[in-house]
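Participant: Fold the following.
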Amino acid sequence: MGKKLYVGNMSYDVSNADLEQMFSAHGTVESAQIINDRDSGRSKGFGFVEMSNDAEAQAAIQALDGKDCQGRALKVNEAKPRTTSGGGGGGFNRGGRGGGGRRY
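Facilitator: Modelled structure (predicted):
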């Protein structure tokens, strides 16, 4: 199983291909994905890279964490699993409806 890495503080100009190329010097890259804003389509300045094994992931972290990339110091570490919080806010009181109970 591969090891997923978080890559942050990237320039908004870095592409998926740039990210893959940067990490491929340290092992086999299973996937490389820049996260884009869903409304504008613009990069959010972070992404994820999945390396083929733990040793390669650790080598990439050692080599690239803090490294300058287009004028920015990269932040590279192990990706944390997504939390299963509710997300998206509460389902009540949308559109000005809901809220308090009725009094009769």
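Participant: Spatially, and excluding backbone neighbours, which residue is closest to Arg54.
Facilitator: Wrong residue type there; residue 54 is Asp, not Arg. Using C-beta to C-beta, 6 or more residues apart in numbering and skipping residues adjacent in sequence, the residue nearest Asp54 is Lys3, 5.1 Å away. Where C-beta positions appear, they are placed from N, C-alpha and C, glycine not excepted.
Participant: Walking through this protein, point out its helices one by one.
Facilitator: With DSSP state H as the definition, the chain shows helices at residue ranges 16-24, 54-64.
Participant: Between those, which one is closest to Asn9.
Facilitator: helix 54-64 (11.3 Å; C-beta to C-beta).
Participant: tell me the strands in this protein, going along the chain?
Facilitator: 3-8, 29-36, 43-51, 68-69, 72-73, 75-78 (DSSP state E).
Participant: Within the sheet, what are the partner strands of the first one, with directions?
Facilitator: In other words, strand 3-8. Looking at strand 3-8 with DSSP bridges, its partner strands are strand 43-51 (antiparallel), strand 75-78 (antiparallel).
Participant: Can you say which of those is nearest to Asn9?
Facilitator: When the strands paired with strand 3-8 are ranked by distance to Asn9, counting by C-beta to C-beta, first place goes to strand 75-78 at 4.7 Å.
Participant: just checking, what packs against the helix or strand bottoming out on mean pLDDT in the chain?
Facilitator: For the chain, the helix or strand with the lowest mean confidence is strand 68-69, at a mean of 92 (criterion: mean pLDDT, DSSP states H and E). Using 3 or more C-beta pairs under 8 Å, 6 or more residues apart in numbering; DSSP states H and E as the contact criterion, strand 68-69 has no neighbours among helices and strands.
Participant: Find the nearest non-adjacent residue to Ser15, please.
Facilitator: Spatial nearest neighbour of Ser15, excluding adjacent residues (C-beta to C-beta, 6+ apart): Ile34 at 6.6 Å.
Participant: Thank you kindly, that will do.
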